[in-house]
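In: Structure for the following, please:
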Amino acid sequence: MNYFADCQTVEEIKAKYRKLARENHPDLGGNPEAMKAINNQYEKALQDCDGQESIGTDKNPHTYKYNAEAEAEIMEIIQKLIAIVADAKVEIILIGRWIWITGETKPLKDHFKELDCKWHRDRSCWFWRSASDRGRGKGGDLDELASKYGCQDFSTKAKSKKKAVKAA
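Out: The predicted structure follows:
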């Protein structure tokens with residue numbers, strides 16, 4: 001089964017991966033073999049998009065550059081975070097190459113520290129970045145960062161509860 005056959009863009013591939021990871025992650029009751037196949041196909045689909053151009057939410061053109069190491073590192077951290085926050089009211093958001101963790105995070109702070117996540121005092125949330133990525137001290141809230149760098153939401157329970165509230 002090719003999980004990403006219907007995806008044409010990096011955004012579509014990542015959105016499909018988020019959905020599949022929530023449904024198939026072994027720590028959330030999914031099948032480990034299915035998750036391995038999804039991960040392998042995800043990497044291949046992203047490799048095929050290397051050099052693809054798109055218009056970002058900031059209305060500027062962006063060119064996707066595939067970086068196997070960075071993608072693998074981010075995927076690994078996101079999978080660990082999904083397992084940690086399975087039943088919590090927590091949102092996991094990938095903005096650019098940084099992962100932001102918002103919501104009711106206090107009970108999970110020790111787990112975040114084990115993954116080298118840091119507390120951002122100005123934004124009052126946890127974040128993770130690769131050791132090779134550096135902050136540039138740019139101000140702004142998470143919405144502004146998401147607009148500039150692109151945003152992927154990996155939330156589990158918190159996301160479905162938001163939808164339920166909006167529907168009511």
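In: element containing the most centrally placed residue in the chain?
Out: For the chain, the residue nearest the mean C-alpha position is Leu94 (3.9 Å; C-alpha atoms, centre = their mean). For Leu94, the enclosing helix or strand under DSSP states H and E is strand 90-95.
In: Also Glu12?
Out: helix 10-24.
In: Any buried residues in that helix, and which?
Out: Across helix 10-24, burial judged by 16 or more other C-beta atoms under 10 Å covers 10-11, 13-14, 16-18, 20-22, 24. C-betas here are computed from N, CA, C, even on glycine.
In: neighbours around Asp50, how many?
Out: 12 (other C-beta atoms under 10 Å).
In: Any idea how many residues pack against the nearest residue to it once chain neighbours are set aside?
Out: Spatial nearest neighbour of Asp50, excluding adjacent residues (C-beta to C-beta, 6 or more residues apart in numbering): Tyr66 at 4.0 Å. By other C-beta under 10 Å, the residues close to Tyr66 number 15.
In: ok, now Trp100?
Out: Per other C-beta under 10 Å, the neighbour tally for Trp100 reads 22.
In: distance of Glu73 from Gln79?
Out: 11 Å (C-beta to C-beta, to the nearest Å).
In: any idea whether Gln8 is helix, strand or coil?
Out: Put simply, Gln8 is coil when judged by DSSP: H, G, I helix; E, B strand; the rest coil.
In: which outside residues touch stretch 122-138?
Out: 70, 73-74, 77, 81, 97-102, 105, 109, 112, 115-120, 141-142, 145 (C-beta atoms under 8 Å, 6 or more residues apart in numbering).
In: In it, which of the residues would be classed as buried?
Out: Quick answer for stretch 122-138 (16+ other C-beta under 10 Å): 125-130.
In: so for that stretch, what's the average pLDDT?
Out: For stretch 122-138, the mean pLDDT works out to 82.
In: and that stretch, C-alpha only, in CSV?
Out: Extracted in CSV, the C-alpha atoms of stretch 122-138 (Å, rounded to 0.1, in the frame of the first residue of the first chain):
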residue,chain,number,x,y,z
ASP,A,122,8.1,34.9,26.7
ARG,A,123,5.7,32.5,24.8
SER,A,124,4.9,30.4,27.9
CYS,A,125,5.4,27.1,26.2
TRP,A,126,7.9,24.3,25.6
PHE,A,127,10.0,24.1,22.4
TRP,A,128,12.5,21.8,20.8
ARG,A,129,15.0,22.6,18.1
SER,A,130,17.9,20.7,16.6
ALA,A,131,21.3,21.5,18.0
SER,A,132,22.3,22.8,14.6
ASP,A,133,19.4,25.3,14.5
ARG,A,134,19.9,28.6,16.3
GLY,A,135,17.5,31.2,17.4
ARG,A,136,17.7,34.7,15.9
GLY,A,137,15.8,36.5,18.7
LYS,A,138,12.9,37.4,16.4
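In: Much appreciated, bye for now.
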